[in-house]
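J.: Here you go, sequence then predicted model.
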Amino acid sequence: MSRAFMKERDDLAEPALVVERQGPVPMTPAGFAVLRSQFDAASTEAERARLGRLLDAAAVIEPPPDREIVALGAAVRVEGAGPKPQTFTLVGDVEADPAAGRIGVSSPLAEALLGHRAGDSVVWHRPAGDRTLSIRRVAY
């Protein structure tokens with residue numbers, strides 16, 4: 001009988017999707033230190049193995065020589081993202097915590113800001129529509 005005519009079982013758990021990351025994982029020096037302390041404090045072998053893989057793949061990115069350019073690790077103050085100016089810190093994707101203002105370097109917002117400097121206007125491409133942001137300050 002064709003599989004198309006078979007009833008799906010509702011009691012089976014959804015299969016877990018495991019995405020293996022290829023290549024280096026960009027990370028700030030602070031993020032690497034936090035990851036290292038989490039590895040040291042891990043209570044299970046599975047957690048130590050997961051954190052160990054991240055540590056092995058980590059590529060610690062130092063701030064650029066020109067500290068006026070937005071790069072990984074920059075705290076960027078922008079206008080136009082909301083009703084008030086906001087500050088976002090660009091971090092590696094494994095360090096991201098949007099609620100705390102730490103955005104992953106591969107996010108659309110970070111991609112819009114990367115390589116620019118204070119005084120520039122950039123377009124943030126969002127699913128809800130594009131927004132023009134003004135960069136007010138870049139700090140490391």
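T.: Yep, that arrived. Just so it is clear, the structure is predicted and the values come from calculations on it, not from any experiment. Residues are numbered from 1 along each chain as shown.
J.: For the helix or strand hosting Arg137, what does the pLDDT average out to?
T.: Per DSSP states H and E: Arg137 is located in strand 131-139. For strand 131-139, the mean pLDDT works out to 97.
J.: Also stretch 26-46?
T.: Computed over stretch 26-46, the average pLDDT equals 96.
J.: show me what contacts the residue nearest in space to the middle of the chain?
T.: Nearest to the geometric centre of the chain sits Gly104, at 1.8 Å (C-alpha atoms, centre = their mean). Listed by C-beta atoms under 8 Å, 6 or more residues apart in numbering, the contact set of Gly104 reads 91-93, 95-96, 110. Placement of C-beta: from N, CA and C, glycine included.
J.: Just the residues contacting the strand holding Arg137, thanks.
T.: The contact list for strand 131-139 (C-beta under 8 Å, 6+ apart) reads 67-70, 74-81, 85, 87, 112-113, 116-124.
J.: can you redo the contacts of Gly104 as CSV with neighbour count, secondary structure and distance to Arg137?
T.: Supplementary listing: those in CSV, determined by neighbours: other C-beta atoms under 10 Å; DSSP: H, G, I helix; E, B strand; the rest coil; distance: C-beta to C-beta, whole Å:
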residue, neighbour count, secondary structure, distance to Arg137
Val91, 25, strand, 17
Gly92, 25, coil, 22
Asp93, 16, helix, 24
Glu95, 22, helix, 21
Ala96, 19, coil, 21
Ala110, 22, helix, 16
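J.: still on that earlier bit, filter the contacts of strand 131-139 down to the buried ones.
T.: By neighbour count, with 16 or more other C-beta atoms under 10 Å, the contacts of strand 131-139 hold 69-70, 74, 76, 78, 80-81, 112-113, 116-118, 122, 124 as buried.
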